[in-house]
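K.L.:
structure, please.
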Amino acid sequence: VPTKNIEGQMTPYYPVEMGNGTPCSLRQNLPRSSTVMYICHPEAKHEILSVAEVTTCEYEVVILTPLLCSHPKYR
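P.N.:
This next block holds a predicted model:
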């Protein structure tokens, strides 16, 4: 399971890659893309923690969810 520094702590996440978005005029009309990172948080109510444009027309969305917390492969 990959990890990412979230609020000063290395945190495991489950990534979902999404491509074929709308054309990005800043990148020769290549399609926009997003990575959605799901993170275990026992008290969360499936909340968006952050949305960021990490590079031009490439986005990162961090979602907190309790659903991952009990999964045996999420450690």
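
K.L.:
please count neighbours and contacts with C-alpha atoms only from this point.
P.N.:
OK.

K.L.:
report the separation between the residue lying farthest from the centre of the chain and residue 22.
P.N.:
The centre of the chain is farthest from one residue, residue 28, which by CA atoms, centre = their mean lies 24.7 Å away. In this view, residue 28 and residue 22 are 12 Å apart by CA to CA, to the nearest Å.

K.L.:
between the two, which contacts overlap?
P.N.:
Here residue 28 and residue 22 have no joint contacts, going by CA atoms under 8 Å, 6 or more residues apart in numbering.

K.L.:
tell me if I'm right that residue 46 and residue 64 touch.
P.N.:
Yes. Under the criterion of CA atoms under 8 Å, residue 46 is in contact with residue 64, at a separation of 5.4 Å.

K.L.:
who has more neighbours, these two?
P.N.:
residue 64 (21 against 16; other CA atoms under 10 Å).

K.L.:
now do the contacts for the more buried one.
P.N.:
38, 39, 40, 41, 44, 45, 46, 47, 48, 49.

K.L.:
of those, closest to residue 5?
P.N.:
Using CA to CA, residue 39 comes nearest to residue 5 of the contacts of residue 64, at 11.5 Å.

K.L.:
find me the pLDDT at the closest one, would you?
P.N.:
At residue 39, the predicted lDDT confidence score is 96.

K.L.:
contact partners for the residue nearest to residue 65 when sequence neighbours are not counted?
P.N.:
Counting by CA to CA, 6 or more residues apart in numbering, residue 65 lies nearest to residue 46, which is 4.5 Å off, once chain neighbours are set aside. The contact partners of residue 46, by CA under 8 Å, 6+ apart, come to 63, 64, 65, 66.

K.L.:
assumed the second one was part of a strand.
P.N.:
Going back to what we said before, that points to residue 64. Yes. Under DSSP: H, G, I helix; E, B strand; the rest coil, residue 64 falls within a strand.
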